[in-house]
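**Student:** need a structure here:
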Amino acid sequence: MKKIIALIVIFCAFNVARVEAQIDSKPVAEFEFTVPTSYDHDNQIDVSVKRAKLDKLYSSVENLTSENFAKVTNKLVSGKTYIVKIFEMNPEGATSQECLAFLKNQDVILVGAQGLTLVYDLMKEKLPKDKVIFSFDKKENLWTSSDGNHGIPFLRTYTKEEGDYAFGVNTFEYDFVGNNGCLMAFFEK
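**Tutor:** Residues are numbered from 1 along each chain as shown. Sure, this is the predicted structure:
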């Protein structure tokens, strides 16, 4: 029995070390963010996407809707101030499970697409450029496509030469590989 427990401890320690290696625990951006008193959870995503420059949006943006992402672990509270941190993935990328494990270890508040779109609306100048910023939620709260995949909303921030911003939805079931991947995380102030 002691050998089994020791193996479990080693396995868990290895997985935590892998998660920490995949995502840098030092944020590339950090700022305070107050939710406006006029915030409307039920329509936030639709309003934000409508405001965005449509010619800059990825083709998957039609799936980024208030209806598709209505269910969230934590609804943002009008008038409340949060701390937002952006964590960068290493160039090898990470799996969705690794991203969620990292966020759980950081004790974040999962706010899904509403948080991502609201930060875009009000604080986009605080976001790092040339990044793909994902806003995770628990898998069961993510939109499910007709083929059974779950969607993770993201915001692509471009450098000035390339344009501005682009929303999209990536697939939970695929690994995130490549440079520029980041996680957006909300914390209690």
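
**Student:** any low-confidence regions in the chain?
**Tutor:** 1-21, 53-60, 160-163, 176-179 (pLDDT under 70).

**Student:** go again using 50 as the cut-off
**Tutor:** Residue ranges of the chain with pLDDT under 50: 2-20, 55, 58-59.

**Student:** from Asn74, how far off is Val35?
**Tutor:** Using C-beta to C-beta, to the nearest Å, Val35 is found at 12 Å from Asn74. Bear in mind the C-beta positions are built from the backbone N, C-alpha and C, glycine included.

**Student:** between those two, tell me which one has more neighbours.
**Tutor:** Using other C-beta atoms under 10 Å as the criterion, Val35 and Asn74 rank with Val35 on top: 22 against 15.

**Student:** leaving out chain neighbours, which residue sits closest to that one?
**Tutor:** Sequence neighbours aside, Leu76 is the residue nearest to Val35 in space, at 4.8 Å (criterion: C-beta to C-beta, 6 or more residues apart in numbering).

**Student:** neighbours of the one you found, how many?
**Tutor:** Leu76 has 20 nearby residues by other C-beta under 10 Å.

**Student:** residues in contact with Lys26?
**Tutor:** Contact analysis of Lys26 by C-beta atoms under 8 Å, 6 or more residues apart in numbering lists Phe87.

**Student:** ok, so what distance separates it from Glu88?
**Tutor:** To Glu88, Lys26 is 9 Å away according to C-beta to C-beta.

**Student:** just the strands in the chain please.
**Tutor:** Assigned by DSSP state E, the strands in the chain fall at 29-34, 81-88, 131-134, 143-144, 150-157, 165-171, 181-188.

**Student:** mind listing the helices for this protein?
**Tutor:** Secondary structure of the chain by DSSP state H: the helices cover 2-22, 44-51, 96-106, 112-123.

**Student:** export the strands of the chain to JSON lines and append columns for mean neighbour count and distance to Lys104.
**Tutor:** As requested, those are exported to JSON lines (neighbours: other C-beta atoms under 10 Å; distance: least, C-beta to C-beta, whole Å):
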{"stretch": "strand 29-34", "mean neighbour count": "15", "distance to Lys104": "19"}
{"stretch": "strand 81-88", "mean neighbour count": "19", "distance to Lys104": "13"}
{"stretch": "strand 131-134", "mean neighbour count": "22", "distance to Lys104": "15"}
{"stretch": "strand 143-144", "mean neighbour count": "18", "distance to Lys104": "21"}
{"stretch": "strand 150-157", "mean neighbour count": "23", "distance to Lys104": "16"}
{"stretch": "strand 165-171", "mean neighbour count": "20", "distance to Lys104": "20"}
{"stretch": "strand 181-188", "mean neighbour count": "21", "distance to Lys104": "11"}
